[in-house]
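K.L.:
Okay, predicted coordinates and the sequence, questions at the end:
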Amino acid sequence: MKRNKLQEWADADALERERFARELQKAKQELRLAEWRFNNATGEVYVDYAIYCLDAAEKKLDMLLRQAKWYWDHAAPIVEEGGAE
């Protein structure tokens, strides 16, 4: 019974790690797009918008990295199948 609860917790933990990985990949892609937008902006209004997008993308990625670091530091250890109990 204890093993089943432990495995359920490990499964939920693995799903959370996958979610973080997907969110981080998306944030990196958004940052690359914002950098491209900034590098190719023409005109004052477009440059202002590009700076806004770049700043937002950088802050989002920083926030997600901080969350991921905290989560990895505080998450339960991964339970291996057939491991010692």
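P.N.:
Arrived safely, thanks for sending.

K.L.:
When you work out contacts or count neighbours from here on, use the C-alpha atoms and nothing else.
P.N.:
Noted.

K.L.:
residue boundaries of the helices in this structure?
P.N.:
Assigned by DSSP state H, the chain shows helices spanning 2-39, 44-74.

K.L.:
can you tell me which of these the model trusts least?
P.N.:
The stretch with the lowest mean pLDDT among those is helix 2-39, at a mean of 87.

K.L.:
what's the neighbour count on residue 46?
P.N.:
14 (other CA atoms under 10 Å).

K.L.:
again with the one 4 residues further on
P.N.:
One way to gauge burial is a neighbour count; for residue 50, by other CA under 10 Å, it gives 22.

K.L.:
ok, now how distant is the residue nearest the centre of the chain from residue 39?
P.N.:
The centroid of the chain falls nearest to residue 24 when counting by CA atoms, centre = their mean (2.8 Å). Remark: distance between residue 24 and residue 39 (CA to CA, to the nearest Å) = 22 Å.

K.L.:
Please apply the same query to residue 29.
P.N.:
Going from residue 29 to residue 39 by CA to CA gives 15 Å.
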